[in-house]
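In: compute the structure for the input listed below.
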Amino acid sequence: MDKSSTMLVHYDKGTPAVANEIKEALEGNDVEAKVDAMKKAIMLLLNGETIPQLFITIIRYVLPSEDHTIQKLLLLYLELIEKTDSKGKVLPEMILICQNLRNNLQHPNEYIRGVTLRFLCRMKETEIVEPLTPSVLQNLEHRHPFVRRNAILAIMSIYKLPHGDQLFVDAPEMIEKVLSTEQDPSAKRNAFLMLFTCAEERAVNYLLSNVDKVSDWNESLQMVVLELIRSVCKTKPAEKGKYIKIIISLLSATSSAVIYECAGTLVSLSSAPTAIRAAANTYCQLLLSQSDNNVKLILLDRLYELKTLHRDIMVELIIDVLRALSSPNLDIRRKTLDIALDLITHHNINEVVQMLKKEVVKTQSGELEKNGEYRQMLIQAIHACAVKFPEVASTVVHLLMDFLGDSNVASALDVVVFVREIIETNPKLRVSIITRLLDTFYQIRAGKVCPCALWIIGEYCLSLSEVESGISTITQCLGELPFYSVSEESEPTETSKKIQPTSSAMVSSRKPVILADGTYATQSAASETTFSSPTVVQGSLTSGNLRALLLTGDFFLGAVVACTLTKLVLRLEEVQSSKTEVNKTVSQALLIMVSILQLGQSPVSPHPIDNDSYERIMLCIKLLCHRNVEMKKIWLESCRQSFVKMISEKQLREMEELKAKTQTTHAQPDDLIDFFHLKSRKGMSQLELEDQVQDDLKRATGEFTKDENDANKLNRILQLTGFSDPVYAEAYVTVHHYDIALEVTVINRTKETLQNLCLELATMGDLKLVERPQNYSLAPERSMQIKANIKVSSTETGVIFGNIVYETSNVMERNVVVLNDIHIDIMDYISPAVCSEVAFRTMWAEFEWENKVAVNTTIQNEREFLDHIIKSTNMKCLTAPSAIAGECGFLAANLYAKSVFGEDALVNLSIEKQTDGTLSGYIRIRSKTQGIALSLGDKITLKQKGGS
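Out: Predicted structure coming up:
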């Protein structure tokens, strides 16, 4: 439909009503049948039918009805029908309804008067409204508030019509008088809204003359007051001081909606610390008092914005923000922690950590089903705190180590990674952490956690007692050797009858996985599940965690056990004076390694040992049999040095990102600076002084000049037609999250007036036109702007295409100008993002859509090609710079981005330099949805050659 609709009614799709049936029902005397027939007629009108034959029937048989429901439906019908002809003149038959409307406005029943006045609010035809103005004015003094409030709205609507100010010359003055005497809250609100819309000065005068009473006004009126203040302060920023006082007084209102609007208005108008502090306090109070999760999320968004712009003030409220953790919703908790982690300082770190520790302890209760996920979030938050402020690590590390055996594998993995980092960055805690780890190692049941814990034991057990304890712990967790015997192998039927305990452990599967450097490898990837153990061997029922995991076929863990034992034996050689004891330990370690190899090559194992693990264990055996100084140095020192380098690089990257965030725009040297101390302070409140200081500071630092660059704006203009076309058109495209706004400039290059000019648009992809632009008339050599809005529902490359259709003086001839296609780029929707290596791997395994793009480029340098892809796809490289530094002829990297719709885009780039200097390889894209994978693949294919 071309015209806009003023109502929305549910339409049950079925057999449409026939006009003749409706006509018969309307001519009858049955009131219920008439009501039903009127509803069907309205439905047909809403669906584009004109049904002109019903008009006279309705005038004859429905108009005289005294039934209130029928009268209401009659007004809805009159609202929908076409009241003008093709030239815009009112149809002659519309005069028939004017008398009825006048009678309704003088009807003894207040409901009929009220609904008729509401109907007039939607009337745009001055010829119909003009005879009714005296009757509308009389209703301002009606005894019933329902009539008065609708009369005010009717006057406002009529006053806003073209030449409406001539119909009601003194309308603002009348409404101002009504406002001063009116007692009904809704009528008062409507009167104030009318003044605000049609005579802003009168509304401002009324507000300033009743400043003391504003806090006692009705909620709806207070909301209009805030809207007025925002409007006035935009046009007259110099006067905002007196209005801010009104907003501050409204912060004590009883309505949550008013308080929220007050806080938002304060932030938009003022940067004074007092104002920002008041707004932040208001948001925090609402965060605790409101029960709706959506409201809480909106409030957290507001607090996040405040944190970005006014961090110093928000730091004072960090504990108030953290109280939102009491909500059971995980999204609310995640947002709360994100905000709080950016507000941590040396002054509040102890309080924050204490609060987080209490929350961790609460998660042990097991009352909520998502306690494991919440605990993981808390552990990550505490980890971040300990990295920023190492002094608090001692207070949390031992508490968190209790969760190494957590049933939530991700949570336990976060703990062990945290412990690994803290033991290196806090040397004073090394002894206590190692002692606690050795005591609790037997509790670890996850195959992903054990390797990291074993690495810590191998690297940081330094003293004789620690080394001996480490070897003893590993031996106990492996249980009795061998893992299976020859007799058991020869009697499979007998062993299969033995007890097969069911337990929760890590079941391994051999499949291609993506390694940390982005390459693929066949690794025994462990996943937690409940399993029935394979043919068990002697001692397996009472054995420890390592034995249970090895029996499920996790030979990657077996290789880590071998490496850890090798490091511990080499270190024992340094700290143990007795050669006999060293040789005894070496023999024990060799027996364990040989037993693991034997298990891997036996039919008892679910699958044979993989080559990588086999070679690693064989290397350990050879090293223990032929020990030398150089190898000992590599195993005992180089590994730790690599880890230290990795941590320092990570900290350096975080510092650089922090510096990039805190960079501010500086003013030009010749910009005007307004010196605050030279100003007159007479009659200014403290808040007004603060506000002026902040404005001056903003002006001095160039914050007021952060407008969109005109050069960038020009880059967004697309030419739609040729210069030789009779109609020239170009579009300025603005993409804002879920909306695309098109501002199309149309120029008539002919000497004739173009009539019924219409911009017809259509879309391809997940784009949807919100409305169809109207018909226009365009004078010779004149231009006009047509706006069109388009909704976006997913991250996918879309196309907008269409025509400009117009008529000239020759009415029979209709001209069409075809427009160039507008391609909506996927880059407008995705932005660089960061995620952990573990999260990247998890998503890579879960996402089902993969798009594999072969590398085909003229670029010959691997790093240059990676940089080109990053720039072209607007993604973030997660692989550390040190990992891709140097020249080796091969490069693998992981890239990550997030769309405005919350979709994740994962990219793995693996390239190799050929002998002829060209690059070959693949770029793999994975996502949860098909659109982003295909669109990103098309973008890479288009851009990878090395063009612009």
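
In: every contact and neighbour count from this point should use C-alpha atoms.
Out: OK.

In: in this structure, which helix is the longest?
Out: Longest helix of the chain, by residue count under DSSP state H: helix 639-662.

In: got the contact list for that helix?
Out: With contact meaning C-alpha atoms under 8 Å, 6 or more residues apart in numbering, helix 639-662 is reached by 421, 424, 459.

In: okay, buried residues for it please.
Out: Residues of helix 639-662 classed as buried: none (neighbour count, 16 or more other C-alpha atoms under 10 Å).

In: tell me the pLDDT of the residue nearest the centre of the chain.
Out: By C-alpha atoms, centre = their mean, the mean C-alpha position of the chain lies nearest to residue 902, the distance being 5.4 Å. Residue 902 carries a pLDDT score of 78 in this model.

In: helix or strand for it, just tell me which one.
Out: Assigned by DSSP states H and E, residue 902 belongs to no helix or strand.

In: got it, and residue 50?
Out: Short version, using DSSP H and E: residue 50 is in no helix or strand.

In: what segments of the stretch 451-600 of the chain are helices?
Out: Taking DSSP state H, counting those that start in this stretch, the helices of the stretch 451-600 of the chain run over residues 464-478, 486-490, 492-496, 545-551, 555-575, 579-600.

In: which stretch in the ones you listed is the model least sure about?
Out: Taking the mean pLDDT of the helices of the stretch 451-600 of the chain, helix 492-496 comes last: a mean of 40.

In: what's the neighbour count on residue 818?
Out: 15 (other C-alpha atoms under 10 Å).

In: before we move on, the earlier item: just send the helices of the stretch 451-600 of the chain back as a markdown table, with mean neighbour count and distance to residue 47 too.
Out: Output for these, formatted as a markdown table (neighbours: other C-alpha atoms under 10 Å; distance: least, C-alpha to C-alpha, whole Å):
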| stretch | mean neighbour count | distance to residue 47 |
| --- | --- | --- |
| helix 464-478 | 19 | 75 |
| helix 486-490 | 12 | 79 |
| helix 492-496 | 13 | 73 |
| helix 545-551 | 24 | 67 |
| helix 555-575 | 24 | 67 |
| helix 579-600 | 18 | 73 |
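
In: mind putting those into TSV with distance to residue 739?
Out: Below are those laid out as TSV (distance: least, C-alpha to C-alpha, whole Å):
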stretch	distance to residue 739
helix 464-478	59
helix 486-490	68
helix 492-496	64
helix 545-551	52
helix 555-575	50
helix 579-600	58
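
In: if we can go back for a sec, if I look at the residue nearest to the centre of the chain, how far off is residue 65?
Out: From residue 902 over to residue 65 the distance is 56 Å, taken as C-alpha to C-alpha, to the nearest Å.

In: over to residue 617?
Out: Taken as C-alpha to C-alpha, the span from residue 617 to residue 65 is 97 Å.

In: comparing these two, which residue is more hemmed in?
Out: A direct count of neighbours by other C-alpha under 10 Å for residue 617 and residue 65 places residue 617 higher, at 26 against 15.

In: that one and residue 775: what is the separation?
Out: 79 Å.

In: contact partners for residue 579?
Out: residue 573.

In: change the start of the numbering to 50 and stick with it
Out: Yep, numbering from 50; the last one is residue 628 now.

In: and of the helices of the stretch 500-649 of the chain, who's closest to residue 84?
Out: Residue 84 sits nearest to helix 594-600 of all the helices of the stretch 500-649 of the chain, at 75.1 Å, using C-alpha to C-alpha.

In: same for that closest one, what does it pack against?
Out: helix 513-527, strand 551-563, helix 604-624 (3 or more C-alpha pairs under 8 Å, 6 or more residues apart in numbering; DSSP states H and E).

In: export the longest helix of the chain to CSV, keeping only CA atoms.
Out: C-alpha atoms of helix 688-711 as CSV (Å, rounded to 0.1, in the frame of the first residue of the first chain):
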residue,chain,number,x,y,z
CYS,A,688,61.0,-24.5,28.1
ARG,A,689,60.5,-22.1,31.1
GLN,A,690,62.2,-19.2,29.1
SER,A,691,59.7,-19.7,26.3
PHE,A,692,56.8,-19.5,28.8
VAL,A,693,58.2,-16.4,30.4
LYS,A,694,58.6,-14.8,26.9
MET,A,695,55.0,-15.7,26.1
ILE,A,696,53.7,-14.1,29.3
SER,A,697,55.7,-10.9,28.7
GLU,A,698,54.5,-10.6,25.2
LYS,A,699,50.9,-11.1,26.3
GLN,A,700,51.3,-8.3,28.9
LEU,A,701,52.9,-6.1,26.3
ARG,A,702,50.0,-6.6,23.9
GLU,A,703,47.5,-5.8,26.7
MET,A,704,49.4,-2.6,27.5
GLU,A,705,49.4,-1.5,23.9
GLU,A,706,45.7,-2.1,23.6
LEU,A,707,45.1,-0.1,26.8
LYS,A,708,47.2,2.8,25.4
ALA,A,709,45.3,2.7,22.2
LYS,A,710,42.0,2.9,24.1
THR,A,711,43.0,5.9,26.2
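
In: how far does it sit from the chain's center?
Out: 27 Å (C-alpha atoms, centre = their mean, to the nearest Å).

In: stretch 157-174 now?
Out: 44 Å.

In: what residues sit buried inside it?
Out: Going by 16+ other C-alpha under 10 Å, stretch 157-174 has these buried residues: 159-170, 172, 174.

In: which of those residues fall in helices?
Out: Per DSSP H, the buried residues of stretch 157-174 map to helices at 159-170.

In: where's residue 991, which helix or strand?
Out: Going by DSSP H and E, residue 991 is part of helix 979-992.

In: quick one: list the elements packing against that helix.
Out: Short answer (3+ C-alpha pairs under 8 Å, 6+ apart): helix 979-992 packs on strand 898-903, helix 911-922, strand 968-976.

In: contacting residues around the second one?
Out: For helix 911-922, contacts defined as C-alpha under 8 Å, 6+ apart pick out 876, 908, 925-926, 933, 938-940, 944, 958, 960-962, 968, 985, 988-989, 992-993, 995.

In: and the helices in the stretch 800-949 of the chain?
Out: Using DSSP H, counting those that start in this stretch, helices in the stretch 800-949 of the chain cover 886-895, 911-922.

In: hey, which of those helices is tucked in deepest?
Out: helix 911-922 (a mean of 18; mean count of other C-alpha atoms under 10 Å).

In: could you dump that helix to PDB, C-alpha only?
Out: The C-alpha trace of helix 911-922 is given here as PDB (Å, rounded to 0.1, in the frame of the first residue of the first chain):
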ATOM      1  CA  GLU A 911      53.500 -14.500   3.700                       C
ATOM      2  CA  ARG A 912      53.200 -11.700   6.400                       C
ATOM      3  CA  GLU A 913      52.200  -9.100   3.800                       C
ATOM      4  CA  PHE A 914      49.400 -11.400   2.600                       C
ATOM      5  CA  LEU A 915      48.200 -11.900   6.200                       C
ATOM      6  CA  ASP A 916      48.100  -8.200   6.800                       C
ATOM      7  CA  HIS A 917      46.200  -7.700   3.500                       C
ATOM      8  CA  ILE A 918      43.600 -10.300   4.500                       C
ATOM      9  CA  ILE A 919      43.200  -8.700   8.000                       C
ATOM     10  CA  LYS A 920      42.700  -5.200   6.500                       C
ATOM     11  CA  SER A 921      40.300  -6.500   3.800                       C
ATOM     12  CA  THR A 922      38.100  -8.500   6.200                       C
END
